[in-house]
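> Make a model of this:
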Amino acid sequence: MTKSNLTQRIETTILASLIYDEEYIRKVLPFIQEEYFADFKEKTIFKVISHYVEKYNGTPNVESISIDLQKVSLSEEQYRDAFEYLSELETYVPKVDSQWLLDETEKWCKDRAIYNAILDGIHIIEGKSKNQTAEAIPAILTDALSVSFDTHIGHDYIEQSEERYEFYHTKEDKIPFDLDFFNRITKGGLPNKTLNICLAGTGVGKSLFMCHVAASTLMQNKNVLYITLEMSEKKVAERVDANLMNITLDDLHDLPRRMFESRVSKIQKKTTGRLIVKEYPTATAHCGHFRALHDELLLKKAFRPDIIFVDYINICASQRFRYGSNVR
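Numbers count the residues shown, from 1 in each chain. Below is the predicted model:
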């Protein structure tokens, strides 16, 4: 069997299963896109099936699909091809393992998403796209690579009690503070994949606190990304210098070059972590810029942060709404 025949068989099996297997259609339909089908007749039939399920919340049969096909704007040849293909589906009832079919459908969706993303990237590079530039290519590929089936439908309190017990007794990986009181409050530090917000009044020392925690995290052999929309990059680094060298800012400015270089060298020997400080103008950067910065650092410097500081969220821009737009 050739690769093209294999692809055709998988697509035919997918479409047939969307007609005959209600459980399958509930699991996969939200993740399948019409652009994944390269063949026009298969794409047309999928659109009809998808529209039927969305409207009637049930699985269609061949008769209803054939009637709906007549309502689609198709040429005579396109309608004939689609109708003949649908007739073949009527006689083809897939006899495959349900889990195998689910896995193969997910793999097919990933392959098609990546293939389409590469084609989009080529069109952008060749200047054929009017709406996107080359800067959009990494995001397009990232979205394609992240395609997956999320079949989790919630936690069953009774049936999954064993999993819950294991969760209670699993030691969570945390980044500890160098302040005992904060470690007591947080039960050992900051957990991974969490959002932690420092609240305080104006001039109390929020930035000073974050610079202190950033310096402490760096000395734990962690990679730290500090995004600032208020202070300059060198001002943030200045506070980290004073913290790690255990001197005042005034003494830091009076420090001779040789002594400064010696202390920086000692700090470098004490940690394998890295600290990157990135400055953005106030109210101009949003999470899209931060995501692009993360990807760029990973690509150009092989830098993957263990913790990210944003100083501070109130002066970030919104990715969803433009500045000055009327938002209710």
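
> only C-alpha atoms for contact and neighbour calcs from this point on.
Will do.

> buried ones in stretch 241-256?
241-244, 252 (16 or more other CA atoms under 10 Å).

> Can you tell me which of those residues is nearest residue 301?
Closest to residue 301 out of those is residue 241 (22.2 Å), distances taken as CA to CA.

> re the thing from before, which of the buried residues of stretch 241-256 fall within helices?
Of the buried residues of stretch 241-256, the ones assigned to helices by DSSP state H are 241-244, 252.

> Rounded mean pLDDT for stretch 127-140, please.
Across stretch 127-140, the average pLDDT comes to 82.

> same question, stretch 170-185
Here the average pLDDT along stretch 170-185 is 92.

> Which positions in that stretch come out as buried?
By neighbour count with 16+ other CA under 10 Å, stretch 170-185 contains the buried residues 175-177.

> rewinding a little: check the buried residues of stretch 241-256 against residue 221 and report the nearest one.
residue 244 (13.8 Å).

> shouldn't that closest one be in contact with residue 215?
Yes. When contacts are counted by CA atoms under 8 Å, residue 244 is listed as touching residue 215 (6.6 Å).

> the helices in the stretch 51-200 of the chain, which residues?
62-69, 76-90, 98-125, 137-145, 161-168, 180-186 (DSSP state H, counting those that start in this stretch).

> Alpha carbons only: can I get the shortest one in PDB?
These are the backbone C-alpha positions of helix 180-186, laid out as PDB (Å, rounded to 0.1, in the frame of the first residue of the first chain):
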ATOM      1  CA  ASP A 180      11.900  32.300  56.300                       C
ATOM      2  CA  PHE A 181       8.600  34.100  56.900                       C
ATOM      3  CA  PHE A 182       7.700  33.900  53.200                       C
ATOM      4  CA  ASN A 183       8.600  30.200  53.100                       C
ATOM      5  CA  ARG A 184       6.300  29.500  56.100                       C
ATOM      6  CA  ILE A 185       3.400  31.400  54.300                       C
ATOM      7  CA  THR A 186       3.900  29.500  51.000                       C
END
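
> What are the contacting residues of that helix?
With contact meaning CA atoms under 8 Å, 6 or more residues apart in numbering, helix 180-186 is reached by 176-177, 189.

> Now do the end-to-end distance for stretch 145-156.
Start-to-end span of stretch 145-156 (CA to CA, to the nearest Å) is 30 Å.

> Would you mark the buried spots in it?
For stretch 145-156, by 16+ other CA under 10 Å, it's 147, 149.

> now the strands: where do they sit in the protein?
Counting by DSSP state E, one finds strands in the chain at the ranges 174-175, 190-191, 224-228, 275-279, 307-311.

> Any regions of this structure where pLDDT drops low?
Confidence mapping of the chain against pLDDT under 70 gives the ranges 1-8, 151-153, 320-328.

> Go again with 50.
1-7 (pLDDT under 50).

> Would you mind giving the domain segments of it?
What automatic domain parsing lists as the domains of the chain is 3-145, 174-315.

> Now render the ones you listed as a markdown table, adding distance to residue 168.
Output for the domains of the chain, formatted as a markdown table (distance: least, CA to CA, whole Å):
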| stretch | distance to residue 168 |
| --- | --- |
| domain 3-145 | 30 |
| domain 174-315 | 14 |
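
> re the thing from before, now the strands of the chain as a markdown table including distance to residue 149?
Formatted as a markdown table, these follow (distance: least, CA to CA, whole Å):
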| stretch | distance to residue 149 |
| --- | --- |
| strand 174-175 | 29 |
| strand 190-191 | 27 |
| strand 224-228 | 31 |
| strand 275-279 | 35 |
| strand 307-311 | 28 |
